[in-house]
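In: requesting a structural model of the entry that follows:
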Amino acid sequence: MTTLFSRIVAGQEPARFVWSDETAVAFLTIAPLTPGHTLVVPRQELDQWTDAAPAMLAHCVTVAQRIGQALQLAYSAPRVGLVIAGYEIPHLHVHVFASWSMHDFDWSHVRHPDERELDAAADRVRAALRVSRMDPG
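Out: Just a heads-up that it's a prediction; the model follows:
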């Protein structure tokens, strides 16, 4: 079954990409917990993280770490949250978001920013990746 994330990875749906390599992509969610909230998604369609080959899962976590470092830099956040929930879309994805407290992990506080705010957040994350020399391309 083709998922929304598979269509995004294939370029059939729009997304604000901040990372792309041969194994995974990362793009901003349209429903962030905090500004810059990014999803790391493997190109291969897998339902659950427990289905992933160890190397693929390790790669996704490595990308998530790099995105997390960029989020800390971009937003001066003391911590970065990392969540693999797996209920929203049946395609493995890792949530990475700047965090200032445990309050930021509360899914009832998801926001729905406008297009301009999402574009600005994507630009901010990309710039932090470039400054940190963490950009894969």
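In: could you pull out the helices in this protein for me?
Out: According to DSSP state H, the chain carries its helices in the segments 4-9, 54-75, 115-131.
In: out of these, which is closest to residue 23?
Out: Go through the helices of the chain one by one with C-beta to C-beta and the one that ends up closest to residue 23 is helix 54-75, at 5.0 Å. Quick note: C-beta positions are derived from backbone N, CA and C, even for glycine.
In: show me what that closest one is packed against.
Out: strand 17-20, strand 24-28, strand 38-42, strand 79-83, strand 94-99, helix 115-131 (3 or more C-beta pairs under 8 Å, 6 or more residues apart in numbering; DSSP states H and E).
In: try it again with 6 Å
Out: With contacts taken as 3 or more C-beta pairs under 6 Å, 6 or more residues apart in numbering; DSSP states H and E, helix 54-75 sits against strand 24-28, strand 38-42, strand 79-83, strand 94-99, helix 115-131.
In: quick one: contacts for the closest residue to residue 28 other than its chain neighbours?
Out: Spatial nearest neighbour of residue 28, chain neighbours left out: residue 16 (4.3 Å); criterion: C-beta to C-beta, 6 or more residues apart in numbering. Residues in contact with residue 16, defined by C-beta atoms under 6 Å, 6 or more residues apart in numbering, are 27, 28, 118, 122.
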